[in-house]
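>>> sequence and predicted model, in that order:
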Amino acid sequence: MEAKETLKNFKVGSLPTVMYIPDFITETEQTMLLSNVYGASMSKWKSLKNRRLQNWVPGGVVHEKGLLPQDLPPWLTKITEKIYEESGMFPSAINHVLINEYLPNQGIMPHQDGPAYFPVVAILSLGSSVVMDFTPHSRLSLCTNDVKDDNSNGATSDIEKDECLDDHHPFSVLLMPRSLLIFKDEAYSDYLHGIKDSEVQQYTGAVNEFEALKHSIEDQPQLAEGGVEIIRTQDLRTIHRTTTRISLTCRLVLKVHKKLFKF
């Protein structure tokens, strides 16, 4: 079976282009990746306001005009080749990886990836679970408001109304350790994705709750899983993040220049 056909089995939620693959890598592979991430020298880390990241391994330096090429280290090449071959979602080999470190109370503000990338993102989660929230882009909210307020003056065309009133609802995805999240097309262009700065997160209504938890919880009210305590009650589901999470965000920069600058 072809990669794209296989990936359809991992679709979650109402959008056709959000895929969640549990246990994408083994425990051994996770340990190896974490060892390489933390084996880097301190100079390789860049500290931001609410997290650290490594920007020395992304396959090159992203510039507004494209990508300055640089080889990925072998340990990253191995995992990006696995994602590329098994997903079938990228038109060519992945050439950019951003590694983020999140402490239990750290997240990232809702955002979209820039236009320099092919509109597919693959996020590999290591070390700890987290809830990622997707929210419709503000332009869609404004568009919807325009339609609701539409009277005889400044009428919105039928085509615009169809685009505005298309189903765009917030949703969340529960990311367990060793899982791979892939999203593209509408999920990429029409939504922002982010993580709340909180040690305690609710995953009630997560579009992939069954897929994420079916291997780790069997009618147990509490279970330590991936550095987090998962608590389930009848109406409220939460995770308590207790350890650090590492994410590998894998993307493709389409424009690669051998020489961006002329001297």
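On my side now, so go ahead. These numbers come from a predicted model, not from an experiment.

>>> hey, let's count contacts and neighbours off CA atoms from now on
Noted.

>>> nearest residue to Asn50 other than its sequence neighbours?
Gln106 (5.9 Å; CA to CA, 6 or more residues apart in numbering).

>>> SS state for that neighbour?
When classified by DSSP: H, G, I helix; E, B strand; the rest coil, Gln106 comes out as coil.

>>> distance check, Val253 against Ile94.
Taking CA to CA, to the nearest Å as the criterion, Val253 is separated from Ile94 by 8 Å.

>>> tell me the SS of Met132?
Classified using three-state DSSP, Met132 is strand.

>>> show me the contacts for it.
Ser172, Val173, Leu174, Leu175, His193, Gly194, Ile195, Lys196 (CA atoms under 8 Å, 6 or more residues apart in numbering).

>>> can I assume the second one is in contact with Phe210?
It refers to Val173. No. Judged on CA atoms under 8 Å, Val173 makes no contact with Phe210 at a distance of 10.9 Å.

>>> out of the two, which sits in the busier spot?
Higher neighbour count among Val173 and Phe210: Val173, with 25 against 12, using other CA atoms under 10 Å.

>>> so what's the more buried one bridging to?
Met132 (DSSP bridges).

>>> now for it: which residues touch it?
Counting by CA under 8 Å, 6+ apart, Val173 has contacts Val131, Met132, Asp133, Tyr203, Ala206, Val207, Asn208, Glu209.

>>> ok, Ala122 to Glu101 distance?
Counting by CA to CA, the gap from Ala122 to Glu101 is 16 Å.

>>> more neighbours, those two?
Ala122 (25 against 22).

>>> residue ranges of the strands in the stretch 151-263 of the chain, please?
Taking DSSP state E, counting those that start in this stretch as the test, the strands found in the stretch 151-263 of the chain are 171-175, 180-184, 191-195, 200-202, 222-224, 228-232, 237-241, 245-251.

>>> the third one pairs with which strands, parallel or anti?
Paired neighbours of strand 191-195 in the sheet (DSSP bridges): strand 108-111 (antiparallel), strand 130-136 (antiparallel).

>>> mind checking how far it is from the chain centre?
8 Å (CA atoms, centre = their mean, to the nearest Å).

>>> can you check the last one too?
Distance of strand 245-251 from the chain centroid (CA atoms, centre = their mean) equals 7 Å.

>>> flag every buried residue along that strand.
Residues Arg245, Ile246, Ser247, Leu248, Thr249, Cys250, Arg251 are the ones in strand 245-251 that count as buried (16 or more other CA atoms under 10 Å).

>>> having no further points to raise, I will conclude here.
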